[in-house]
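**Student:** coords below, sequence missing:
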C-alpha cells in the first residue's frame with residue numbers, strides 16, 4: 001500500500017492548481033461493515049491523495065464523488081535538497097509552481113484502505129491518503 005502523487009479535488013470545481021486546505025467529502029464507503037467505519041456514511045478529508053493498493057489490501061473508502069488531478073510532468077520543477085545527505089536524493093520536487101492535468105473521475109480507487117497482517121508484518125495497517 002503506497003500513497004500516490006495525485007491530488008483529490010471536488011466533483012465540479014474548475015481545477016488548474018493543487019487546492020491546498022480544501023476539504024473534500026467522501027461518500028463512497030466500500031466496506032460499511034468494517035469496525036472503523038461503523039455508522040459512518042461520509043468522511044471529510046483535507047489535502048488528500050489516493051492510494052496504490054497491493055493485491056490483498058482491502059479498499060475501505062473510495063474517491064468518488066471527487067476527481068483526481070495529476071502533476072503535468074512538463075511543469076515539474078525541482079530544487080536542491082539542503083542539507084545534502086549522501087543517502088538521500090540530490091533534488092526534490094519544489095512546491096508551488098506545478099500545473100496539473102485535467103481532472104478525471106475513477107470508480108474503484110481508494111482514499112482509505114486496510115492492509116492485512118500477512119501483507120505488512122504482524123499487525124494490520126489502515127492508511128488514509130492525507
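**Tutor:** Nice, thanks for sending it over. Just so it is clear, the model here is predicted, and its values are computed rather than measured. Numbers count the residues shown, from 1 in each chain.
**Student:** how much space separates residue 9 from residue 101?
**Tutor:** Separation of residue 9 from residue 101 (C-beta to C-beta, to the nearest Å): 12 Å. For glycine as for every other residue, the C-beta is placed from the backbone atoms N, C-alpha and C.
**Student:** actually, residue 5.
**Tutor:** Noted for residue 5: a distance of 12 Å to residue 101, by C-beta to C-beta.
**Student:** in terms of neighbours, single out the busier of the two.
**Tutor:** residue 101 (15 against 11; other C-beta atoms under 10 Å).
**Student:** isn't that one right up against residue 67?
**Tutor:** No - applying C-beta atoms under 8 Å as the test, residue 101 and residue 67 come out as separate, 11.2 Å apart.
**Student:** what residue is smack in the middle of this structure?
**Tutor:** Taking C-alpha atoms, centre = their mean, the centroid of the chain lies closest to residue 49, which sits 1.7 Å from it.
**Student:** and it, which of the three is it?
**Tutor:** The three-state label given to residue 49 by DSSP: H, G, I helix; E, B strand; the rest coil is coil.
**Student:** and it, what is it in contact with?
**Tutor:** Residue 49 makes contacts with 3-8, 111, 129-130, as judged by C-beta atoms under 8 Å, 6 or more residues apart in numbering.
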